[in-house]
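Asker: below are the sequence and a predicted model for it; my questions follow.
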Amino acid sequence: MNGHLHPAVDPRALRDAFGAFLTGVTVVTAHDAAGQPVGFTANSFASLSLDPPLLLVCLARTSRNFQTLTGAAGFGVNVLSEHQKDISNTFARPVEDRFAGLDWQPGPHGSPILGGVAAWFDCALHDIVDGGDHVILIGRVEAFENGNANGLGYARGSYFAPALAQKAVAAAAGDVTAGAVAARRDEVLLVEDGQGRYALPACRLSAGANPDRLQLHLAETSGLPASVGFLYSVYQDSKNGEQHIVYRCELGDGAPRAGRFFPLDALPLDRLADSATGDVLKRYVAESRIGNFGMYVGNEERGQVHALVQGAPR
Ligand SMILES: Cc1cc2nc3c(=O)[nH]c(=O)nc-3n(C[C@H](O)[C@H](O)[C@H](O)COP(=O)(O)O)c2cc1C
């Protein structure tokens, strides 16, 4: 299956390491021969040159739109805003008509331009460069617009919205419950609540307290190396008015002191402490699928265990 890969390189481990690089998210668009709009989600966008004005994006050779995009007179790059996560997901899934119900119009050079984006670039195709299982599409910017929306972020297979997160944390005045989607590869750690139901590992934070407290709590509860990542969810419990802040966290290898790891496809969704936890976990499962799918390393089987280098680089 991985016959073309260097044997020493585990594609999944490499993909995970590539995923440490924080990027934005774009939707790259063009028109097919029949004049229908096509597009796909890409985070491989980079600015290339100011004079001449060039940009690049990497396109998988396996893309259903490969012929269309490499044969078109040009393409558009839409930099998604932090409210457009759903659009990113639509353009990363094999959806029949990704433009259905979407606000878009042809740009000055003809590429489909989406509404509400942080910025867009309408390009003439300048060059196509070989890039292994991808090609590099180089576009010459013919027209562009810089909106004022904040961009959507992407790292380690998950979206983040820095400006929204800042606002949400600021709005959660007073004490909050800080929870963790504590993942290790394709599993998450859940803890029992004493009534046979499962919950996210969580601790109370008093107003203004440092979220490092959550890292300590996780490390103590699990007895494993723990790191706290991006903010994942902020919500208020409708029953008791409690504020919840959920972070993405990573746990290291070893048996957990407390709690249990559940594979993402076998979470105890019918035995959760509350429905909000179920919503957070279901979203996490759905987004990890897109993340894995999105990084399109062949058609690798999910659920395989690959060694991950833990701790600090030596
Ligand atoms: C955040 C994210 C970034 C992605 N970046 C790229 C990329 O740079 N290049 C690429 O070819 N596919 C990328 N993908 C995967 C494609 O969006 C996905 O495979 C899509 O289904 C391709 O559609 P197509 O086959 O209709 O072209 C990414 C997916 C996600 C979720």
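Answerer: Yep, it's here.

Asker: give me the buried positions along the helix or strand where residue 121 lies.
Answerer: Per DSSP states H and E, residue 121 falls inside strand 119-131. By neighbour count on 16 or more other CB atoms under 10 Å, the buried set for strand 119-131 is 119, 120, 121, 122, 123, 125, 126. Where C-beta positions appear, they are placed from N, C-alpha and C, glycine not excepted.

Asker: and stretch 238-253, by the same measure?
Answerer: Buried residues in stretch 238-253, counting neighbours by 16+ other CB under 10 Å, are found at 243, 244, 245, 246, 247, 248, 249, 250, 251.

Asker: from residue 91, how far off is residue 130?
Answerer: Distance, residue 130 to residue 91, using CB to CB, to the nearest Å: 24 Å.

Asker: look up which residues are beta-bridged to residue 202.
Answerer: Beta-bridge pairing for residue 202 (DSSP bridges): residue 179.

Asker: begin at 135 from now on, thanks
Answerer: With 135 as the first residue, the last one maps to residue 336.

Asker: that one contacts residue 313, correct?
Answerer: Yes - between residue 336 and residue 313 there is a contact under CB atoms under 8 Å: 3.9 Å.

Asker: quick check: neighbours shared by these two?
Answerer: Contact with both residue 336 and residue 313 is made by residues residue 378, according to CB atoms under 8 Å, 6 or more residues apart in numbering.

Asker: mind checking the SS state of residue 419?
Answerer: The assignment at residue 419 comes out as helix when based on DSSP: H, G, I helix; E, B strand; the rest coil.

Asker: hmm, I typed the wrong one, I wanted residue 389.
Answerer: Of the three states, residue 389 takes coil according to three-state DSSP.

Asker: need phi/psi at it.
Answerer: For residue 389, the backbone dihedrals (degrees, to the nearest 10) come out as phi -80, psi 130.

Asker: pull the number of nearby residues for it.
Answerer: When neighbours are defined as other CB atoms under 10 Å, residue 389 has 9 of them.

Asker: what score does it have for pLDDT?
Answerer: At residue 389, the model reports a pLDDT of 97.

Asker: quickly list what residue 384 is bridged to.
Answerer: Per DSSP bridges, the residues bridged to residue 384 are residue 317, residue 361.

Asker: contacting residues around the helix or strand bottoming out on mean pLDDT in the chain?
Answerer: Using mean pLDDT, DSSP states H and E, helix 296-305 stands out as the lowest-scoring helix or strand of the chain, at a mean of 73. Defining contact as CB under 8 Å, 6+ apart, one finds that helix 296-305 is touched by 216, 284, 287, 364, 365, 368, 379.

Asker: what's the answer for stretch 399-411, then?
Answerer: Contacts to stretch 399-411, defined as CB under 8 Å, 6+ apart, come from residues 313, 320, 322, 324, 327, 329-334, 369, 371, 378, 396, 412, 415-416, 419, 436-437.

Asker: which parts of it are buried?
Answerer: Result for stretch 399-411 [16+ other CB under 10 Å]: buried residues 401, 406, 407, 410, 411.

Asker: please list the residues of this structure that sit near the ligand.
Answerer: 159, 174-178, 192-194, 197-199, 222, 225-226, 228, 288, 424, 428, 430 (CB under 6 Å from any ligand atom).

Asker: buried subset of those residues?
Answerer: Buried residues within these, counting neighbours by 16+ other CB under 10 Å: 159, 174-178, 192-194, 197, 199, 222, 225-226, 288, 424, 428.

Asker: quick one: strands adjacent to the host helix or strand of residue 277?
Answerer: Using DSSP H and E, the element containing residue 277 is strand 268-280. With DSSP bridges as the test, strand 268-280 is paired with strand 188-194 (antiparallel), strand 253-265 (antiparallel).
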